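> build me a model from this:
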Amino acid sequence: MILVPARVKVHIALGVTDMRKGLDGLAMLVQEVLEQDPFSGHLFAFRGRKANLIKIVFWDGTGLCLFTKRLEEGRFPWPGADELGDTVALTSEQLSMLIEGIDWRAPERRWRPVVAG
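Okay, here's the model as predicted:
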């Protein structure tokens, strides 16, 4: 599980992003398209068209960081975009599920007790 400090927000950019973009290109998207501050310390997640790759950009106080994950099987669940520049805010728990490839919108619970005691 990834621990994100309570004051840090997690934003996922709706729709698809050109995954050829690196740190600077994604930071520019945060600033110009999402109209957010890439140096706020918040996390900004992007997904490509194939849906097996995500990139997360964040400022750690000393520099921009880029986290990348590619799923070998499956796809990252992602909401569609109604309008360019829209984002959805996630909790740290939802971010952990997203990174694992679990649908954070409706996680499947695997075990539940039948009776108490």
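> next, the most centrally placed residue in the chain: phi, psi?
Geometric centre of the chain, nearest residue: residue 45, 3.4 Å, by CA atoms, centre = their mean. Main-chain torsions, residue 45, degrees, to the nearest 10: phi -110, psi 140.
> now swap in residue 20 and tell me
phi -80, psi -10.
> can you tell me how far it sits from residue 79?
Here the criterion is CB to CB, to the nearest Å. By it, residue 20 lies 22 Å from residue 79. The way it works is simple: take the backbone N, C-alpha and C, and place the C-beta from them, glycine included.
> please apply the same query to residue 73.
21 Å.
> cool, residue 37 as well?
Following CB to CB, the distance that separates residue 37 from residue 79 is 23 Å.
> repeat that for residue 85.
From residue 85 to residue 79 the distance is 14 Å (CB to CB).
> residue 69 belongs to a strand?
Yes - Residue 69: assigned to a strand according to DSSP: H, G, I helix; E, B strand; the rest coil.
> how about it, nearest residue that isn't a chain neighbour?
Spatial nearest neighbour of residue 69, chain neighbours left out: residue 54 (5.5 Å); criterion: CB to CB, 6 or more residues apart in numbering.
> my read: the one you found touches residue 68, true?
Yes - counting by CB atoms under 8 Å, residue 54 touches residue 68, with 7.3 Å between them.
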